[in-house]
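Trainee: return a 3D structure for these sequence lines:
(one chain, ligands or ions: 2)
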Amino acid sequence: MSNALVIIPTYNEKENIELIIHSVFSEEMAFDILVVDDTSTDGTYQIVQSLMNEYPNQLFLEIRKDKTGLGAAYIHGFKWALQNKYQYIIEMDADFSHPVEKLKVLYATCKNEAFDICVGSRYVKGGKINNWDKKRLILSRFASKYVRFITRIPIKDTTSGFVCYKREVLQKIDLDNIRFVGYAFQIELKYKAWKNNFKIKEIPITFVDRVRGKSKMNSSIILEAILGVLKMRFNKV
Ligand SMILES: Nc1nc2c(ncn2[C@@H]2O[C@H](COP(=O)(O)OP(=O)(O)OP(=O)(O)O)[C@@H](O)[C@H]2O)c(=O)[nH]1
Ligand SMILES: [Mg+2]
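Mentor: Ligands and ions are numbered 1, 2, ... in the order given. Sure thing, here's the model as predicted:
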(Lines give C-alpha, C1' and ligand atoms only; values in the text may rest on other atoms or scores of the structure.)
(Ligands and ions follow the chains in the order given, each with its own letter.)
Protein backbone atom coordinates (compact mmCIF):
# COMPACT_ATOMS: atom_id res chain seq x y z
CA MET A 1 0.00 0.00 0.00
CA SER A 2 1.23 3.44 -0.95
CA ASN A 3 0.92 6.53 1.27
CA ALA A 4 -0.47 8.47 -1.72
CA LEU A 5 -3.91 7.96 -3.22
CA VAL A 6 -5.15 9.24 -6.56
CA ILE A 7 -8.93 9.70 -6.51
CA ILE A 8 -10.56 9.52 -9.93
CA PRO A 9 -14.28 10.38 -10.01
CA THR A 10 -16.12 8.84 -12.94
CA TYR A 11 -19.41 9.07 -14.66
CA ASN A 12 -19.63 7.26 -18.01
CA GLU A 13 -15.91 7.15 -18.79
CA LYS A 14 -15.68 3.73 -20.46
CA GLU A 15 -13.41 5.11 -23.20
CA ASN A 16 -10.91 6.45 -20.67
CA ILE A 17 -10.97 4.49 -17.44
CA GLU A 18 -8.83 1.50 -18.33
CA LEU A 19 -6.24 3.64 -20.09
CA ILE A 20 -5.95 6.13 -17.25
CA ILE A 21 -5.59 3.36 -14.65
CA HIS A 22 -2.78 1.69 -16.61
CA SER A 23 -1.18 5.04 -17.17
CA VAL A 24 -1.07 5.91 -13.43
CA PHE A 25 0.24 2.44 -12.55
CA SER A 26 3.01 2.69 -15.12
CA GLU A 27 4.49 5.68 -13.28
CA GLU A 28 7.69 4.91 -11.44
CA MET A 29 6.24 6.07 -8.17
CA ALA A 30 3.65 3.67 -6.74
CA PHE A 31 0.37 5.49 -6.24
CA ASP A 32 -2.83 3.75 -5.21
CA ILE A 33 -6.03 4.60 -7.07
CA LEU A 34 -9.59 4.97 -5.82
CA VAL A 35 -12.26 5.28 -8.51
CA VAL A 36 -15.48 6.84 -7.24
CA ASP A 37 -18.19 5.97 -9.73
CA ASP A 38 -21.78 7.20 -9.56
CA THR A 39 -23.27 4.02 -11.04
CA SER A 40 -22.27 4.81 -14.61
CA THR A 41 -24.63 3.32 -17.16
CA ASP A 42 -21.94 2.62 -19.77
CA GLY A 43 -20.03 -0.13 -17.94
CA THR A 44 -17.29 2.06 -16.41
CA TYR A 45 -17.34 0.48 -12.96
CA GLN A 46 -17.47 -3.04 -14.39
CA ILE A 47 -14.22 -2.26 -16.23
CA VAL A 48 -12.67 -1.15 -12.93
CA GLN A 49 -13.89 -4.32 -11.21
CA SER A 50 -12.28 -6.44 -13.91
CA LEU A 51 -8.94 -4.67 -13.38
CA MET A 52 -8.91 -5.09 -9.61
CA ASN A 53 -7.45 -8.63 -9.89
CA GLU A 54 -4.56 -7.26 -11.90
CA TYR A 55 -3.81 -4.59 -9.25
CA PRO A 56 -4.70 -6.10 -5.84
CA ASN A 57 -4.37 -3.66 -2.93
CA GLN A 58 -3.58 -0.86 -5.32
CA LEU A 59 -6.81 -0.28 -7.17
CA PHE A 60 -10.02 0.40 -5.24
CA LEU A 61 -13.58 1.19 -6.24
CA GLU A 62 -16.43 2.91 -4.49
CA ILE A 63 -19.79 2.89 -6.20
CA ARG A 64 -22.33 5.53 -5.20
CA LYS A 65 -25.97 4.86 -5.91
CA ASP A 66 -26.93 8.36 -6.91
CA LYS A 67 -25.25 10.81 -9.22
CA THR A 68 -25.25 13.79 -6.91
CA GLY A 69 -22.28 15.58 -8.43
CA LEU A 70 -18.54 15.74 -8.55
CA GLY A 71 -18.21 17.42 -5.17
CA ALA A 72 -20.22 14.72 -3.41
CA ALA A 73 -18.19 12.01 -5.14
CA TYR A 74 -14.94 13.62 -3.96
CA ILE A 75 -16.19 14.01 -0.38
CA HIS A 76 -16.98 10.30 -0.40
CA GLY A 77 -13.47 9.60 -1.72
CA PHE A 78 -11.80 11.88 0.84
CA LYS A 79 -13.54 10.18 3.73
CA TRP A 80 -12.48 6.81 2.39
CA ALA A 81 -8.89 8.05 2.02
CA LEU A 82 -8.78 9.37 5.60
CA GLN A 83 -10.22 6.13 6.97
CA ASN A 84 -7.63 4.19 5.04
CA LYS A 85 -4.78 6.29 6.44
CA TYR A 86 -3.46 7.87 3.25
CA GLN A 87 -1.12 10.78 3.86
CA TYR A 88 -1.32 12.42 0.42
CA ILE A 89 -4.62 12.58 -1.42
CA ILE A 90 -4.71 13.62 -5.05
CA GLU A 91 -7.65 14.64 -7.25
CA MET A 92 -7.51 13.82 -10.94
CA ASP A 93 -10.02 13.62 -13.82
CA ALA A 94 -10.46 10.40 -15.80
CA ASP A 95 -10.32 12.04 -19.22
CA PHE A 96 -6.55 12.66 -19.61
CA SER A 97 -6.96 16.42 -19.25
CA HIS A 98 -4.42 16.26 -16.43
CA PRO A 99 -0.82 15.20 -17.10
CA VAL A 100 -0.21 11.87 -15.35
CA GLU A 101 3.56 12.49 -15.37
CA LYS A 102 3.02 15.48 -13.06
CA LEU A 103 1.49 13.37 -10.28
CA LYS A 104 4.92 12.90 -8.78
CA VAL A 105 5.54 16.64 -8.74
CA LEU A 106 2.26 17.30 -6.91
CA TYR A 107 3.23 14.63 -4.41
CA ALA A 108 6.85 15.74 -3.96
CA THR A 109 5.82 19.35 -3.41
CA CYS A 110 3.68 18.34 -0.45
CA LYS A 111 6.11 15.76 0.84
CA ASN A 112 9.46 17.51 0.51
CA GLU A 113 8.62 21.19 0.53
CA ALA A 114 6.76 22.99 3.27
CA PHE A 115 3.44 22.99 1.43
CA ASP A 116 0.15 21.41 2.44
CA ILE A 117 -1.52 21.68 -0.96
CA CYS A 118 -0.13 21.58 -4.47
CA VAL A 119 -2.31 22.73 -7.36
CA GLY A 120 -1.64 21.78 -10.99
CA SER A 121 -2.23 25.16 -12.56
CA ARG A 122 -3.05 26.39 -16.05
CA TYR A 123 -2.58 30.01 -15.10
CA VAL A 124 0.92 30.26 -13.65
CA LYS A 125 4.00 30.85 -15.80
CA GLY A 126 4.58 27.76 -17.93
CA GLY A 127 0.97 26.58 -17.63
CA LYS A 128 -1.02 25.96 -20.81
CA ILE A 129 -4.36 24.84 -22.21
CA ASN A 130 -4.46 22.76 -25.38
CA ASN A 131 -7.44 22.46 -27.70
CA TRP A 132 -10.05 24.50 -25.90
CA ASP A 133 -12.33 26.64 -28.03
CA LYS A 134 -12.36 30.42 -27.54
CA LYS A 135 -15.59 30.38 -25.53
CA ARG A 136 -14.27 27.89 -22.98
CA LEU A 137 -10.93 29.70 -22.70
CA ILE A 138 -12.61 33.02 -22.01
CA LEU A 139 -15.02 31.47 -19.50
CA SER A 140 -12.27 29.75 -17.57
CA ARG A 141 -9.96 32.74 -17.53
CA PHE A 142 -12.79 35.02 -16.48
CA ALA A 143 -13.75 32.56 -13.71
CA SER A 144 -10.22 32.53 -12.38
CA LYS A 145 -9.96 36.36 -12.29
CA TYR A 146 -13.45 36.69 -10.85
CA VAL A 147 -12.74 34.31 -7.98
CA ARG A 148 -9.54 36.13 -7.08
CA PHE A 149 -11.21 39.50 -7.23
CA ILE A 150 -14.08 38.48 -4.96
CA THR A 151 -12.26 36.26 -2.48
CA ARG A 152 -8.68 37.66 -2.59
CA ILE A 153 -7.41 34.10 -2.54
CA PRO A 154 -3.76 34.02 -3.71
CA ILE A 155 -4.28 31.16 -6.19
CA LYS A 156 -4.50 31.60 -9.94
CA ASP A 157 -6.22 28.37 -10.91
CA THR A 158 -8.92 27.98 -8.28
CA THR A 159 -11.11 25.69 -10.40
CA SER A 160 -8.29 23.22 -11.04
CA GLY A 161 -9.22 19.62 -10.36
CA PHE A 162 -5.63 18.36 -10.32
CA VAL A 163 -4.57 18.87 -6.72
CA CYS A 164 -2.66 17.12 -3.94
CA TYR A 165 -3.87 17.62 -0.38
CA LYS A 166 -2.08 16.51 2.76
CA ARG A 167 -4.41 14.50 4.97
CA GLU A 168 -4.25 17.20 7.69
CA VAL A 169 -5.99 19.63 5.35
CA LEU A 170 -8.91 17.31 4.69
CA GLN A 171 -9.09 16.43 8.38
CA LYS A 172 -9.34 20.08 9.33
CA ILE A 173 -11.97 21.09 6.78
CA ASP A 174 -15.46 20.01 7.75
CA LEU A 175 -16.24 17.73 4.82
CA ASP A 176 -19.89 17.47 5.82
CA ASN A 177 -20.21 21.19 5.41
CA ILE A 178 -19.01 21.50 1.83
CA ARG A 179 -21.87 23.12 -0.02
CA PHE A 180 -21.10 23.04 -3.70
CA VAL A 181 -21.21 20.23 -6.18
CA GLY A 182 -19.63 21.37 -9.45
CA TYR A 183 -16.68 23.64 -10.18
CA ALA A 184 -17.57 25.66 -7.12
CA PHE A 185 -16.62 22.66 -5.03
CA GLN A 186 -13.02 22.97 -6.21
CA ILE A 187 -13.01 26.66 -5.34
CA GLU A 188 -14.64 26.12 -1.94
CA LEU A 189 -12.12 23.51 -0.87
CA LYS A 190 -9.14 25.69 -1.76
CA TYR A 191 -10.76 28.73 -0.17
CA LYS A 192 -11.41 26.93 3.12
CA ALA A 193 -7.87 25.52 3.13
CA TRP A 194 -6.43 28.98 2.59
CA LYS A 195 -8.65 30.45 5.33
CA ASN A 196 -7.27 27.76 7.64
CA ASN A 197 -3.74 29.01 6.90
CA PHE A 198 -2.58 25.97 4.99
CA LYS A 199 0.29 26.62 2.59
CA ILE A 200 -0.49 26.31 -1.10
CA LYS A 201 1.80 26.07 -4.12
CA GLU A 202 0.85 26.11 -7.79
CA ILE A 203 2.92 24.24 -10.34
CA PRO A 204 2.43 24.72 -14.09
CA ILE A 205 0.64 22.05 -16.09
CA THR A 206 -0.52 21.70 -19.67
CA PHE A 207 -4.22 20.94 -19.58
CA VAL A 208 -5.48 19.03 -22.62
CA ASP A 209 -9.14 19.02 -23.62
CA ARG A 210 -10.76 15.61 -23.44
CA VAL A 211 -10.24 13.54 -26.56
CA ARG A 212 -12.55 10.60 -25.72
CA GLY A 213 -15.94 10.46 -24.04
CA LYS A 214 -18.50 13.14 -23.23
CA SER A 215 -18.30 16.32 -21.20
CA LYS A 216 -20.40 16.68 -18.05
CA MET A 217 -20.07 20.43 -17.93
CA ASN A 218 -23.37 22.36 -17.99
CA SER A 219 -24.72 25.82 -17.33
CA SER A 220 -26.06 25.05 -13.85
CA ILE A 221 -22.52 24.12 -12.80
CA ILE A 222 -21.29 27.49 -14.04
CA LEU A 223 -24.10 29.40 -12.36
CA GLU A 224 -23.46 27.64 -9.08
CA ALA A 225 -19.85 28.78 -9.24
CA ILE A 226 -20.66 32.41 -10.01
CA LEU A 227 -23.19 32.76 -7.19
CA GLY A 228 -21.35 30.41 -4.86
CA VAL A 229 -18.19 32.48 -4.80
CA LEU A 230 -20.16 35.52 -3.66
CA LYS A 231 -21.92 33.53 -0.93
CA MET A 232 -18.62 32.10 0.21
CA ARG A 233 -16.98 35.50 0.39
CA PHE A 234 -19.80 36.94 2.43
CA ASN A 235 -19.80 33.99 4.80
CA LYS A 236 -23.07 32.42 3.84
CA VAL A 237 -21.32 29.10 3.35
N1 LIG B 1 -18.52 10.32 -9.70
C2 LIG B 1 -18.78 11.38 -10.49
N3 LIG B 1 -17.87 11.78 -11.37
C4 LIG B 1 -18.17 12.84 -12.16
C5 LIG B 1 -19.40 13.53 -12.10
N6 LIG B 1 -19.38 14.54 -13.01
C7 LIG B 1 -18.18 14.47 -13.61
N8 LIG B 1 -17.45 13.44 -13.11
C9 LIG B 1 -16.07 13.05 -13.45
O10 LIG B 1 -15.25 14.14 -13.08
C11 LIG B 1 -14.20 14.33 -14.01
C12 LIG B 1 -14.32 15.71 -14.63
O13 LIG B 1 -15.51 15.81 -15.39
P14 LIG B 1 -15.53 16.32 -16.90
O15 LIG B 1 -16.79 15.91 -17.56
O16 LIG B 1 -14.27 15.94 -17.58
O17 LIG B 1 -15.63 17.84 -16.66
P18 LIG B 1 -14.82 18.92 -17.41
O19 LIG B 1 -13.37 18.58 -17.38
O20 LIG B 1 -15.25 20.21 -16.85
O21 LIG B 1 -15.43 18.83 -18.86
P22 LIG B 1 -14.79 18.25 -20.20
O23 LIG B 1 -13.40 17.88 -19.95
O24 LIG B 1 -15.01 19.33 -21.17
O25 LIG B 1 -15.57 17.05 -20.53
C26 LIG B 1 -14.34 13.19 -15.01
O27 LIG B 1 -13.52 12.14 -14.61
C28 LIG B 1 -15.82 12.82 -14.91
O29 LIG B 1 -16.09 11.49 -15.27
C30 LIG B 1 -20.37 13.05 -11.14
O31 LIG B 1 -21.46 13.58 -11.01
N32 LIG B 1 -20.00 11.98 -10.37
MG1 LIG C 1 -12.68 16.97 -18.36
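
Trainee: wait, residue 173 sits on residue 194?
Mentor: No: with contact defined as CB atoms under 8 Å, residue 173 does not count as touching residue 194 (10.8 Å). Where you see a C-beta, it was placed from the backbone N, CA and C, and this is true even at glycine.

Trainee: average pLDDT for whatever helix or strand residue 222 lives in?
Mentor: Under DSSP states H and E, the secondary-structure element containing residue 222 is helix 219-233. The average of the pLDDT scores along helix 219-233 is 84.

Trainee: only the buried residues of that helix, if you could.
Mentor: By neighbour count with 16 or more other CB atoms under 10 Å, helix 219-233 contains the buried residues 221, 224, 225, 228, 229, 232, 233.

Trainee: give the contact list for the nearest residue to the fourth one once chain neighbours are set aside.
Mentor: The reference is to residue 228. Excluding the flanking residues, the one nearest residue 228 by CB to CB, 6 or more residues apart in numbering is residue 184, at 3.8 Å. Residue 184 makes contact with 71, 221, 224, 225, 228, 229, according to CB atoms under 8 Å, 6 or more residues apart in numbering.

Trainee: check residue 157 too.
Mentor: Contacts of residue 157 (CB under 8 Å, 6+ apart): 119, 120, 121, 122, 123, 124, 127, 144, 202.

Trainee: try it again at 7 Å.
Mentor: Residue 157 is in contact with 119, 121, 122, 123, 144, 202, counting by CB atoms under 7 Å, 6 or more residues apart in numbering.

Trainee: before we move on, back to that, quick one: the contacts of residue 184 as TSV, columns for distance to ligand 2 too.
Mentor: Below are the contacts of residue 184 laid out as TSV (distance: CB to the ion, whole Å):
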residue	distance to ligand 2
71	15
221	12
224	17
225	15
228	20
229	21
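
Trainee: hmm, back to that, which of the contacts of residue 157 tops the neighbour count?
Mentor: Top of the contacts of residue 157 by neighbour number is residue 119, holding 28 neighbours under the definition other CB atoms under 10 Å.

Trainee: wait, is that residue part of a strand?
Mentor: Yes: assessed with DSSP: H, G, I helix; E, B strand; the rest coil, residue 119 lies in a strand.
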